[in-house]
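Asker: Sharing a model prediction with you, sequence too.
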There are 2 protein chains.
Amino acid sequence: MKKNKQTLLVALGGNALIRKGQKGTVDEQFENLKVPIGQIARLSGKYKIIITHGNGPQVGNLLLQQESCDEVPKLPLEILVAQTQGQIGYMIESTLDAELMKLGDDTGHYFVSLLSYVVVDKNDPAFLNPSKPVGPAFSKAKAAGRPYPTKKTAKGYRRVVASPAPVTIVEKREIKKLIDMNFIVICCGGGGIPVIREGRSFSGVDAVIDKDLASARLALEVGVDIFLIATDVKGVALNYGTKNQEFLRSITPQQAVRYTKDGHFPPGSMGPKVEAAMQFFQISGKRAVIASIEDIERAVAGKAGTQIED
Amino acid sequence: MKKNKQTLLVALGGNALIRKGQKGTVDEQFENLKVPIGQIARLSGKYKIIITHGNGPQVGNLLLQQESCDEVPKLPLEILVAQTQGQIGYMIESTLDAELMKLGDDTGHYFVSLLSYVVVDKNDPAFLNPSKPVGPAFSKAKAAGRPYPTKKTAKGYRRVVASPAPVTIVEKREIKKLIDMNFIVICCGGGGIPVIREGRSFSGVDAVIDKDLASARLALEVGVDIFLIATDVKGVALNYGTKNQEFLRSITPQQAVRYTKDGHFPPGSMGPKVEAAMQFFQISGKRAVIASIEDIERAVAGKAGTQIED
């Protein structure tokens, strides 16, 4: 009997769509997507596939457009996240479609991009201290007039929102069922549309969920075999950005704790990636890898990236 | 043996989300959605369900925001349609979730909102004569400077785009498979993301597809049993809006042709609904109904709306 395929979840970082120095036109985004999606298309012959993705610049653009136009009712952040799931999901799905066709695959795969919302805890301490900058930068004077909290950042004053921990993916049963049926599933865009449970229903909240932590949650909830975080560097490094920079081929949970404490993995960048990979590895005992978007296939083969190991 | 459930496709008109005279805040849209979605939740006990929806005001708002902001790269129309599929799909899905919970259904249903793109023919004559107004209205002078065709409308000069006929729904196999497995499926928002086939892949085009025609196409392609177009009037009328207005409880294809010729069903409103219902009925021989959003359950029971009959 043929062995069941393993399931691979690839969490695509923002550079899968917009590279450093680009403005992020649609043409650029489609072109950039070919790099990760071409590799994922090839891997789909061997693995069941889930693709998740970030949405930082896209949601920032929607916020900026919203701020520039008083004629249209303002939408809350969770609706903007939903819009980016539509936008990016479509771009990924149609690129995947094209890349599979290039491989001569014109019958086999079923695939869907589905909207996903993710439950957060309304008592999450993150809500007491909104700290994640989103959207455009303002002058100090203009920031003072905004109807939401702002904070000084390197770019100027920006809106800050809470970034609570993902508790559960609402569509996990659906995603599991689709994967069991060999669908390629694109989901959990931008970390998911953030919702809180109110009685027996859900309602959206102004927050953003880290996409790597949400992806780790999803990977655990649907029983993924390999969790790959694809980003803009070739893996986890010590002393990143200094002359002593040292990329690691592997890292243990114990080392991760120590290096994090020593400040090697900053909160806004490698920090949540290492945390997400560790959560997945420690609970499931299965493979987690952090690698460059260019190296997805090699990382799955164990030949690139940083593998989490005991 | 229990008989297989019939499949019901409900195409929701724009008033499912935004009522006449409203600005279309998110609270209004969620509140309005309870009317159709509450009924659909109850019907889901008896029928397999597909929900499609319009996106006119929502895509108009995104265009208006885009026009107001020069700092962000402009997105082509098909990406804006994708964004509205995210936005509205999420709103419908979470409302459905809440309405099913009210019915005490907290185990049974699987449901997904999936992004859908719809193939149009690049030689469709509609591309020679863009006629569907979208987005904000401009003065004549401002319209002249726009990088796209505009046309004088009742509201002022507006951008016009082609509205080609839907050829096929790209995700039809996926949607069919999901329906067979008893998923409730939300799809084909705004008539679908318009794409043309180029060689072996697809690429988006600046166009909008009529959502009722796209829904009829989908209904035929997945083999729906009842096709219900839910709108803001109680059915098909002769002399609509005059003192001789007369709502029809049923209409035959022959009558439809005659009444259309006599100008009873204007192109921008009842015309495409009658055309979509007729296409479905004539090809499948199955039930098509046009009814008010308030009367979805009664229309399915044959007690309201206009039924298409031979």
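Answerer: Cool, got the structure. Everything numeric in this text was worked out from a predicted model, so none of it was measured. Numbering: from 1, shown residues only, chains lettered A, B, ... in the order given.
Asker: give me the number of residues near A:His53?
Answerer: Residues lying near A:His53 (other CB atoms under 10 Å in any protein chain shown) number 30. Any C-beta I mention is one placed from the backbone N, CA and C, and that applies to glycine too.
Asker: And it, how close does it get to A:Leu96?
Answerer: 12 Å (CB to CB, to the nearest Å).
Asker: any shared contact partners between the two?
Answerer: A:Ile186 (CB atoms under 8 Å, 6 or more residues apart in numbering or on different chains).
Asker: Send me stretch A:224-232 as CSV with only the CA atoms.
Answerer: Output of stretch A:224-232 as CSV, limited to C-alpha atoms (Å, rounded to 0.1, in the frame of the first residue of the first chain):
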residue,chain,number,x,y,z
VAL,A,224,1.3,18.9,10.2
ASP,A,225,4.5,16.9,9.7
ILE,A,226,6.9,19.7,8.6
PHE,A,227,6.5,23.3,9.6
LEU,A,228,8.6,25.6,7.5
ILE,A,229,8.9,29.4,8.1
ALA,A,230,10.1,31.0,4.9
THR,A,231,11.7,34.4,5.4
ASP,A,232,14.3,36.9,4.0
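Asker: next one: that stretch to chain centre, how far?
Answerer: 10 Å (CA atoms, centre = their mean, to the nearest Å).
Asker: just stretch A:257-274 next, same as before
Answerer: Its chain's C-alpha centre and that of stretch A:257-274 lie 17 Å apart, by CA atoms, centre = their mean.
Asker: Check stretch A:291-299 too.
Answerer: Its chain's C-alpha centre and that of stretch A:291-299 lie 16 Å apart, by CA atoms, centre = their mean.
Asker: Same check on stretch A:178-194?
Answerer: With CA atoms, centre = their mean as the basis, stretch A:178-194 stands 12 Å off its chain's centre.
Asker: what do you get for stretch A:95-111?
Answerer: 23 Å.
Asker: which residues are in contact with that stretch?
Answerer: Stretch A:95-111 is touched from outside by A:30, A:33-34, A:37-38, A:40-42, A:44-45, A:51, A:93, A:181-186, B:170, B:173-174, B:177, B:200-202, with contacts defined as CB under 8 Å, 6+ apart.
Asker: what about chain A, any weak spots by pLDDT?
Answerer: A:1-3, A:105-107 (pLDDT under 70).
Asker: separation between A:Val59 and B:Pro130?
Answerer: 31 Å.
Asker: what do you get for A:Leu12?
Answerer: 35 Å.
Asker: that older thread, just the contacts of stretch A:95-111: which are in strands?
Answerer: Assigned to strands by DSSP state E, the following of the contacts of stretch A:95-111 qualify: A:51, A:183-186, B:201-202.
Asker: Out of these, which comes closest to A:Gln255?
Answerer: A:Ile51 (28.8 Å; CB to CB).
Asker: Could you double-check that the closest one lies in contact with A:Phe183?
Answerer: No. Shown here, A:Ile51 and A:Phe183 do not form a contact pair, counting by CB atoms under 8 Å, at 11.4 Å.
Asker: Which one of the two is surrounded by more residues?
Answerer: Neighbour tally, A:Ile51 and A:Phe183, criterion other CB under 10 Å: the higher count belongs to A:Ile51, 28 against 21.
Asker: neighbours around the residue nearest to the more buried one when sequence neighbours are not counted, how many?
Answerer: Leaving aside its sequence neighbours, A:Ile51 sits nearest to A:Ile186 (CB to CB, 6 or more residues apart in numbering or on different chains; 4.7 Å). Counted with other CB under 10 Å, residues neighbouring A:Ile186 total 27.
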